[in-house]
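**Student:** here is a sequence together with a model predicted from it:
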Amino acid sequence: MSKHTFAIGGVHPHDNKISRECALEQLPLAPTVYISVAQHIGAPSVPCVAVGDKVKVGQVIAQPGGFVGAFIHSSVSGTVKSIAPRADLAGRASTHIEIAVEGDEWAEGIDTSDTLVTTIPEDPKAIIEKIRLGGVVGLGGATFPTHVKLSPPPGSKCERVIINGCECEPYLTSDFRTLLEKGEQVVVGAALLKKAMGDVPCTIAIEENKPEAIAHIREVIAKLGYEGIDVMVMKMMYPQGGEKQLIDAVMHRQVGSGALPISVGAVVQNVATALAVYDAVQKGKPIVDNSVTVTGECFPKQANLVVRVGTPLQYIIDYLGGVPESAAKIISGGPMMGRAVANLQAATVKGTGALLFLTEKQTRRAPETGCIRCGKCADACPMGLEPFLLNKLSKAADWDACEANAAQDCIECGCCLYSCPAHIPLLDNIRVGKGSVLSAIRARAAAAKAAAEAAKAAEAAKN
Amino acid sequence: MASTIIWTIAVITVLGLVLALVLYLVAQKFKVEEDPRIDEVEKVMPGANCGGCGFAGCRAFAEAAVKAPNLDNNYCPVGGNDTMAKVAAILGYEVKAKAPMVAVVRCNGTCEARPKVNEYDGYASCYVKSLLYTGDTGCAFGCLGCGDCVNACQFGALSMDPATGLPVVDQEKCTACGACVKACPKHIIELRPQGPRGMRVFVSCINKDKGPVAKKACANACIGCGICAKTCTHEAITVEGNIAYIDPAKCKLCRECEAMCPTGAIHGVNFPKPLDKDAIKERIKARQQKARETAEGNAPAVANKKADAPLGASPSEKVVKVKEDKKDE
């Protein structure tokens, strides 16, 4: 069995998949859900319901706010109670639609049965349109609208669709359970994505620590008989699930700085996204729920829950027995890239993948000591950057030098911080540099645009 | 033996002389002509190289000042009017005196007023913290307390008060270079005129949330109620986006707003006497009473206007009040 991985960097954290045996379980409906209108990359959606309206599950409640935007559907049936700003898990306020749950009535046109629909529509445009109407966004964490990703700019051509089943973050198991329990749907979703991109080959990449999933998906592909879909077994390595790293691992092609994956002919979609694509195209069911791993050594009741979008985190935790006393920190996402939850009243969004409970000992930071120039961070960086240098430049607020050393390419995977023997908060400082460089780039682009428009206006005034 | 020593000395001396001549000729040939005034200006600058003027350092400021046709856009906040007068004398320009400024911290969310709702154990930097989340208190606008401003200050004018968790400005040391203003990711610090004898009144809060939300997060928050704006007889206060702002150019330091503020978000500093809230409230009441009485005696059109705005928002009343102030002076 040949195993693949990306060429540079990466670390080997212990995978700690302690919730891998927990089957997917439907979380009972919360009494009230709070659905954010800004739960994807791009323009926030515009609510199209009013307070007091009755809504059904799967009914559109917010329209996309721009081309890079997504439909948002009600995840429950009930009455709209309010449309008001509410704090997300980082405490930042955004507009949420509050819906009081009454029963569980689905909107018309949604097939809620379990029958597998394997016939693939012929027209790629129809598939992409259905994905758009289903409000599908990348569920790997970035929540980029999927229909935009599937509409490559003119001149670029997709050569391979990669379904990302690496789940390289420690602790997370929801993608693994999805592959195991909803493998058929994921494979049909992969076939749909393949069709949408013009019948290009498709690779489902799964890391070697999930042998059951690899065997199951191989079986399903053979059973369903789709041509051109294969499973690639990946070596365990973090951050293999990163888009650029996965393209390198599967296709041996490198995506340039600031370029999109399509520039090397790749389209990467997560396993959960493939499932959402299946639901949206074959069943007419938009994203109303997603699977969330709730785990941690100190958490007594591990679970992989299917949670309706907008469920308050507190409700999920209470369902599983509340916050354990030994837990010091709750992380939304994995331990490497996840963010600490500052507000348990916050509601889940489409991209919420996990809730991880860590003890005080697990989260404690060792005291920072001096850099010993060992170069471990540079070895670990999967983007080929020099974290020790970017750390210094960021601290010195030398944004030009940060940009020259490609701080903007940092994917914030945390490998540098993980590997540093001096416990220097490399990523924290690099994030500062990256943020400043990105805002400088945006300001330059805006200035160039304004200058071009002014020149155009002057030209027009002359004529 | 002796001849070797003599030869060595002779060769080294001749070589030295020849090289010195070459260096002299090269220096003469490639001499950079520089305006001598740049050196003179640089000498009178404070030499802190803080960048508060907008240039990379004092030398860069001196070069720019010499090149510029006037001194309108070049001002050294650290040196202030004295330094600028010297620069103007060297360059033969005129310079307008500017009111001396000072950094003002617009957050009074002390530990008691603004309880923590979670614990931050990450890297101790306000900027890093602000990238991660809104902060460890319920207020999304307030001071993060990691001291980026303290680290940014080259003059040692800022320090964190452990009792309140907020930065404190030492007015004697603050040069108004603006480094802390740039360093604060929450944009809490503002440069304001120092005021006569250091007396100034400002709103020490920038929470733009609606009143009840702001009040819940912090007992000292500005709730945007607008009482201060209605009280002010100098049109110095505007309430925009649930936050009041006092225009230092219009403020007459009467401290009426400070007395009337229900949450204590308005601060007056360096006043010789402590604020006598009751006396000021009495004064305002008496004034309103008087205004009402005069309104009743006046033409009905004006009276109606005054009845609509009993707290002293009518233009005619303001004129009266301003005149009274001038008499006092």
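**Tutor:** Done, it's in.

**Student:** so where's the chain shaky on pLDDT?
**Tutor:** Using chain A here. Scanning chain A for pLDDT under 70 picks out A:1-2.

**Student:** not quite, go with chain B.
**Tutor:** Where chain B drops to pLDDT under 70, the residues are B:298-329.

**Student:** ranges for the helices of it?
**Tutor:** Using DSSP state H, the helices of chain B run over B:2-29, B:36-44, B:58-67, B:80-91, B:126-132, B:148-152, B:179-183, B:211-217, B:227-231, B:256-260, B:277-297, B:300-308, B:315-328.

**Student:** ok, the stretch 251-400 of chain A next?
**Tutor:** Along the stretch 251-400 of chain A, the stretches classed as helices by DSSP state H, counting those that start in this stretch are A:271-282, A:313-319, A:360-363, A:376-380, A:387-395, A:399-404.

**Student:** which positions in the stretch 201-350 of chain A make contact with chain B?
**Tutor:** The stretch 201-350 of chain A has residues A:329, A:339, A:340, A:342, A:343 near chain B, with proximity defined as Cβ under 8 Å from any Cβ of the partner chain. Heads up, the C-betas are built off the backbone N, CA and C, glycines and all.

**Student:** redo the helices of the stretch 251-400 of chain A as TSV? Include distance to residue A:174 and mean neighbour count.
**Tutor:** What follows is the helices of the stretch 251-400 of chain A, written out as TSV (distance: least, Cβ to Cβ, whole Å; neighbours: other Cβ atoms under 10 Å in any protein chain shown):
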stretch	distance to residue A:174	mean neighbour count
helix A:271-282	7	27
helix A:313-319	13	19
helix A:360-363	21	13
helix A:376-380	26	20
helix A:387-395	30	22
helix A:399-404	35	17
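
**Student:** including distance to residue A:246, could these go into TSV?
**Tutor:** Below are the helices of the stretch 251-400 of chain A laid out as TSV (distance: least, Cβ to Cβ, whole Å):
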stretch	distance to residue A:246
helix A:271-282	12
helix A:313-319	29
helix A:360-363	28
helix A:376-380	18
helix A:387-395	21
helix A:399-404	26
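
**Student:** for residue B:133, find the nearest of the ones you listed.
**Tutor:** Comparison of the helices of the stretch 251-400 of chain A against residue B:133 by Cβ to Cβ identifies helix A:313-319 as nearest, at 14.3 Å.

**Student:** tell me what that closest one is packed against?
**Tutor:** For helix A:313-319, the elements it packs on are strand A:289-295, strand A:303-308, strand A:327-332, strand A:354-359, judged by 3 or more Cβ pairs under 8 Å, 6 or more residues apart in numbering or on different chains; DSSP states H and E.

**Student:** which of the helices of chain B sits closest to residue A:374?
**Tutor:** Nearest to residue A:374 among those is helix B:126-132; the distance by Cβ to Cβ comes to 23.6 Å.

**Student:** the closest one near chain A at all?
**Tutor:** Yes - judged by Cβ under 8 Å from any Cβ, helix B:126-132 and chain A are in contact via B:127, B:128, B:131, B:132.

**Student:** which parts of chain B sit against chain A?
**Tutor:** Residues of chain B lying close to chain A by Cβ under 8 Å from any Cβ are B:117-118, B:121-123, B:125, B:127-128, B:131-136, B:140, B:209.

**Student:** only whichever of those are buried, select them in ChimeraX.
**Tutor:** To isolate the buried subset of those in ChimeraX, counting by 16 or more other Cβ atoms under 10 Å in any protein chain shown, use the following:
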select /B:118,123,125,127,128,132,133,134,135,136,140,209
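
**Student:** nearest to residue B:194, of the residues of chain B next to chain A?
**Tutor:** For these, the residue nearest residue B:194 by Cβ to Cβ is residue B:127; the value is 28.1 Å.

**Student:** quick check: longest helix of chain A.
**Tutor:** Taking DSSP H as the criterion, chain A has its longest helix at helix A:426-462.

**Student:** and stretch A:12-26, what's buried?
**Tutor:** So for stretch A:12-26, counting by 16+ other Cβ under 10 Å, buried means A:13, A:15, A:16, A:17, A:18, A:19, A:20, A:22, A:24.

**Student:** in strands, which of these fall?
**Tutor:** Counting by DSSP state E, these place residue A:24 in strands.

**Student:** got CSV for the buried residues of stretch A:12-26, with distance to residue B:233 too?
**Tutor:** Formatted as CSV, the buried residues of stretch A:12-26 follow (distance: Cβ to Cβ, whole Å):
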residue, distance to residue B:233
A:13, 66
A:15, 70
A:16, 67
A:17, 69
A:18, 68
A:19, 66
A:20, 71
A:22, 69
A:24, 68
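
**Student:** what is the neighbour count of the closest residue to residue A:288 other than its chain neighbours?
**Tutor:** Nearest non-adjacent residue to residue A:288, counting by Cβ to Cβ, 6 or more residues apart in numbering or on different chains: residue A:75, 4.1 Å away. Per other Cβ atoms under 10 Å in any protein chain shown, the neighbour tally for residue A:75 reads 29.

**Student:** right, and residue A:75 touches residue A:35 too?
**Tutor:** Yes - contact criterion Cβ atoms under 8 Å: residue A:75 and residue A:35 qualify, at 6.5 Å.

**Student:** endpoints of stretch A:269-288, how far apart?
**Tutor:** Its first and final residues considered, stretch A:269-288 spans 18 Å by Cα to Cα, to the nearest Å.

**Student:** identify the farthest-apart pair in the residues of helix B:126-132 next to chain A.
**Tutor:** Spatially, the most separated pair among the residues of helix B:126-132 next to chain A is B:127 and B:132, at 10.0 Å (Cβ to Cβ).

**Student:** got the domain ranges for chain A?
**Tutor:** Per the record, chain A has its domains at A:124-282, A:376-444, by automatic domain parsing.

**Student:** which one of the helices and strands packed on helix A:313-319 lies closest to residue A:95?
**Tutor:** Each of those has some distance to residue A:95 by Cβ to Cβ; the shortest is strand A:303-308, at 18.7 Å.

**Student:** partner strands of that closest one and their direction?
**Tutor:** Using DSSP bridges, the strands paired with strand A:303-308 are strand A:24-26 (parallel), strand A:289-295 (antiparallel).

**Student:** count of residues packed around whatever residue of the stretch 251-400 of chain A ends up closest to chain B?
**Tutor:** The stretch 251-400 of chain A approaches chain B most closely through residue A:342 (4.8 Å), counting by Cβ to the nearest Cβ. Neighbourhood size, residue A:342 [other Cβ under 10 Å]: 23.

**Student:** what of residue A:214?
**Tutor:** Neighbour tally, residue A:214, other Cβ under 10 Å: 21.

**Student:** look up the closest residue to it, ignoring the ones flanking it.
**Tutor:** residue A:206 (5.1 Å).

**Student:** roughly how far apart are that neighbour and residue A:244?
**Tutor:** Relative to residue A:244, residue A:206 is positioned 19 Å away (Cβ to Cβ, to the nearest Å).

**Student:** between these two, which one's more packed in?
**Tutor:** The neighbour comparison of residue A:206 against residue A:244 (other Cβ under 10 Å) goes to residue A:206, with 27 against 22.

**Student:** in three-state terms, label the more buried one for me.
**Tutor:** Assigned state for residue A:206: strand (three-state reduction, DSSP: H, G, I helix; E, B strand; the rest coil).

**Student:** which strand residues bridge it?
**Tutor:** For residue A:206, the beta-bridge partners are residue A:165, residue A:233 (DSSP bridges).
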